[in-house]
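*Asks:* only geometry, no sequence info:
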Ligand SMILES: Nc1ncnc2c1ncn2[C@@H]1O[C@H](COP(=O)(O)OP(=O)(O)OP(=O)(O)O)[C@@H](O)[C@H]1O
C-alpha cells in the first residue's frame, strides 16, 4: 500500500527553483493497479523515484506498506529498494549475462534458493523458455521487456514501479506486455504503478491519474 500526502518537491533549474510537486496526495491500496499519465516533464519519473526511495522530497509524507521512507537510514533504504520491483523503458538488462542470469540477478541478491520454484512456470508464461541462454542484445524489445518483468516478479515484491515499460514497443507488443504484467500482478496481489503515455493501455488499470502542475487533476 502506498500513501503519499502533502508532497512537495522542487529541482534547481539553472539558478531558479522549479516546483515539481506542490502538495501532492496519492493512495494506492494493496493490489491496486494505477496508470500514471501526464505531459512530458510533469514529474512522472520523479514520482516513481521518490516512491522507490531514490529521491528525497522537500517535505510531506511517503509511506509504503506503513514504512515512512524519510525515517529510513541509507542502509534501510538500500534494503527497501531491493524489495521493490522496478521495470524501465530501456529494460536495463546486463548485456554480459544470459537471459536466465538476468532474470535471477535480483532474486539471488535477496533469497537463498538459486532457482525458485516458480521460475519454470514464469518463463513459460512470458514466452522466454527457449531464450534462456541468449544474451539480451539477441532479443526483440518485447522479449527484453518480458525479461525485465520476470526479474521484477521473481523478487517477490509487494509493489512494482514501471516507468513507461512499453515506450519502445509497437502497439501489439505493448498490449501483450501490459496484459502479462497485469495478470502476474493480479495473481500475486502486487500493487502496480505504471507510467505511460498511452491512453489505450489505461483500460487494463483499476485507476488512472493524470499529473498536471504538481498535482493530480
Ligand atoms: N536530474 C535532474 N536534474 C534537474 N532537473 C531534472 C532532473 N531530472 C528531471 N528533471 C526535470 O524535472 C522535471 C520532471 O522530470 P520527469 O523526468 O519526472 O518528467 P516526466 O513526466 O517523467 O517526463 P517524460 O514523460 O518526458 O519522461 C522536468 O522538468 C525535468 O527537466
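*Replies:* That came in fine, so what should we check first? Just so it is clear, the structure is predicted and the values come from calculations on it, not from any experiment.
*Asks:* From here on, just use CA atoms for contacts and neighbour counts.
*Replies:* Fine.
*Asks:* middle-most residue in this protein, spatially?
*Replies:* Nearest to the mean C-alpha position of the chain, counting by CA atoms, centre = their mean, stands residue 161 at 1.9 Å.
*Asks:* Check the secondary structure at that one for me.
*Replies:* strand (DSSP: H, G, I helix; E, B strand; the rest coil).
*Asks:* who are the neighbours in contact with it?
*Replies:* 48, 52, 84-87, 192-194 (CA atoms under 8 Å, 6 or more residues apart in numbering).
*Asks:* Bridging across strands, which residues link to it?
*Replies:* residue 86, residue 193 (DSSP bridges).
*Asks:* from memory residue 211 sits against residue 196, does it?
*Replies:* No. Look at residue 211 against residue 196 with CA atoms under 8 Å: they stay out of range, at 11.6 Å.
*Asks:* any shared contact partners between these two?
*Replies:* 36-37.
*Asks:* Which of the three states applies to the residue nearest to residue 114 when sequence neighbours are not counted?
*Replies:* Spatially, and ignoring its direct neighbours in sequence, residue 114 is nearest to residue 108 (6.3 Å; CA to CA, 6 or more residues apart in numbering). Three-state assignment for residue 108 (three-state DSSP): helix.
*Asks:* Next, count neighbours for residue 108.
*Replies:* Using other CA atoms under 10 Å, residue 108 is surrounded by 16 other residues.
*Asks:* Same question for residue 188.
*Replies:* If we define neighbours as other CA under 10 Å, then residue 188 has 14 of them.
*Asks:* ok, it to the ligand distance?
*Replies:* 27 Å (CA to the nearest ligand atom, to the nearest Å).
*Asks:* can you pull the pLDDT of that residue?
*Replies:* On pLDDT, residue 188 comes in at 94.
*Asks:* Same question for stretch 40-49: list its buried residues.
*Replies:* Buried residues in stretch 40-49, defined by neighbour count with 16 or more other CA atoms under 10 Å: 42-48.
*Asks:* Right, I'll leave it there.
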